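# Below is the sequence, then the predicted model.
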Amino acid sequence: MKLWSHPDAETLKLVEIVNKTKRNNFLEIGCYNFSMTINFILMSNQPNLVIANDKIDHSPETRALIDKYHSKMFHFVLGDSGEIETQNKIKGILKEKKLDILFIDGDHGRGHVESDTNNYADLVADDGYIIWHDTVHGAHKSFEPWFIEQLNKNILINLFFEGESRIGWIQGKEWRRYVSRK
C-alpha cells in the first residue's frame, strides 16, 4: 500500500534534505492531500511548526485528523500563496521564527513558482532549504515549469531526477548570496 503521493525515491531524497536541518519549522505551499505535510510532521522535532497552504481544501477529512492529533504544531492556511493576506497569515504563525524547509509544490507554472520563491525565501534560515517540486522541464505536460532551469544558469541548484521525480533545492544562505548579487 502506497502511503504517499510522492514516489519512494523522491520521498527518500526529501528525507535526506530535511535531515540536514534542525527539523523545526516547515512551510508547504500546495499541500493537496496533505501527504507531504504528514511526512514533515513525522520528520520534525517537537515542538515545532508545520504550516500547510493551499488555495483549496482538497482533503478536509485528512486535514481535520491532522489538526485533531497535531493541533499544537499544525496550521492550515487556506488561500492563494501569492496574495498578501495569505503571506501575512503565514508570517503571523511563524512570528520571528525561520523555516528549515520551504517546500514549493503549488501552482507549477513559472510565474507562480517564481512568485512563491520571491515571497517566501526570506523566511528560510541560512541552514534551511528551499525545495521546488515538479518545477523543472518535463515535470508536468500542462505547464512550462522552467523557472529552476533558468535559475540554474546563474546559480547552482541541486537537482534530483528519477523516474517521474523532479525536485530542485538550495540552502537558504546560498539563495541569499544569489539574490544579493542580482
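Looks like it came in fine.
# Tell me which residues touch the residue nearest the centre of the chain, please.
Nearest to the mean C-alpha position of the chain, counting by Cα atoms, centre = their mean, stands residue 103 at 0.9 Å. Residues in contact with residue 103 (Cβ atoms under 8 Å, 6 or more residues apart in numbering) are 14, 26, 27, 28, 29, 36, 40, 131, 133. Any C-beta I mention is one placed from the backbone N, CA and C, and that applies to glycine too.
# Can you give me the buried ones in the lowest-mean-pLDDT helix or strand in the chain?
With mean pLDDT, DSSP states H and E as the measure, the helix or strand of the chain carrying the lowest mean pLDDT is helix 147-151 (a mean of 74). Residues of helix 147-151 classed as buried by neighbour count (16 or more other Cβ atoms under 10 Å): 147, 148, 151.
# Distance check, the second one against residue 30.
For residue 148, the distance to residue 30 (Cβ to Cβ, to the nearest Å) stands at 15 Å.
# Hmm, which of the contacts of residue 103 is lowest in pLDDT?
pLDDT across the contacts of residue 103 is lowest for residue 133, at 85.
# my read: that residue touches residue 102, true?
No: between residue 133 and residue 102 there is no contact under Cβ atoms under 8 Å: 11.1 Å.
# closest to residue 108 among the contacts of residue 103?
Ranked by distance to residue 108 (Cβ to Cβ), these are led by residue 133 at 8.1 Å.
# And for the closest residue to the closest one other than its chain neighbours, the neighbour number?
Excluding its sequence neighbours, the residue lying closest to residue 133 (Cβ to Cβ, 6 or more residues apart in numbering) is residue 105, at 3.9 Å. If you count neighbours by other Cβ atoms under 10 Å, residue 105 ends up with 22.
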